[in-house]
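K.L.:
Here is a sequence together with a model predicted from it:
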Amino acid sequence: MEEKYLPIGTVVLLKGGTKKVMINGYCAVTEDNQNKIYDYRGCPFPEGVLESNGVALFDHSQINEIVHMGFRNDESIELSDKLEIIVNSKA
């Protein structure tokens, strides 16, 4: 996995997981620990978000398999590059 920030809509299987997750956001934090920035926010696939606690926060290192790559174009590649720069500047 070369690209740090996978496109929105990418479906992944997390390490130790059995349920697929679709990426639907980036750089998420929890109310409990706003110092920890998760790489991704996701929802169960194929159901989507059915309730407020149906959101998963996870890091790139937790991805075991990319099941389906989301749509990628110049805009999404540019966003991925910008996110890397921003997050790395805060590390």
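P.N.:
Looks like it came in fine. Numbers count the residues shown, from 1 in each chain.

K.L.:
if I look at Lys82, how far off is Gly25?
P.N.:
To Gly25, Lys82 is 15 Å away according to Cβ to Cβ, to the nearest Å. The way it works is simple: take the backbone N, C-alpha and C, and place the C-beta from them, glycine included.

K.L.:
ok, the closest residue to Asp59 other than its chain neighbours - contacts?
P.N.:
Spatially, and ignoring its direct neighbours in sequence, Asp59 is nearest to Asp39 (4.7 Å; Cβ to Cβ, 6 or more residues apart in numbering). Taking Cβ atoms under 8 Å, 6 or more residues apart in numbering as the criterion, Asp39 is in contact with 4-5, 26-27, 58-60, 87.

K.L.:
Who does the most centrally placed residue in the chain form a beta bridge with?
P.N.:
By Cα atoms, centre = their mean, the chain has its centre lying nearest to Tyr40, at 2.5 Å. On the basis of DSSP bridges, Tyr40 is bridged to Tyr26, Phe58.
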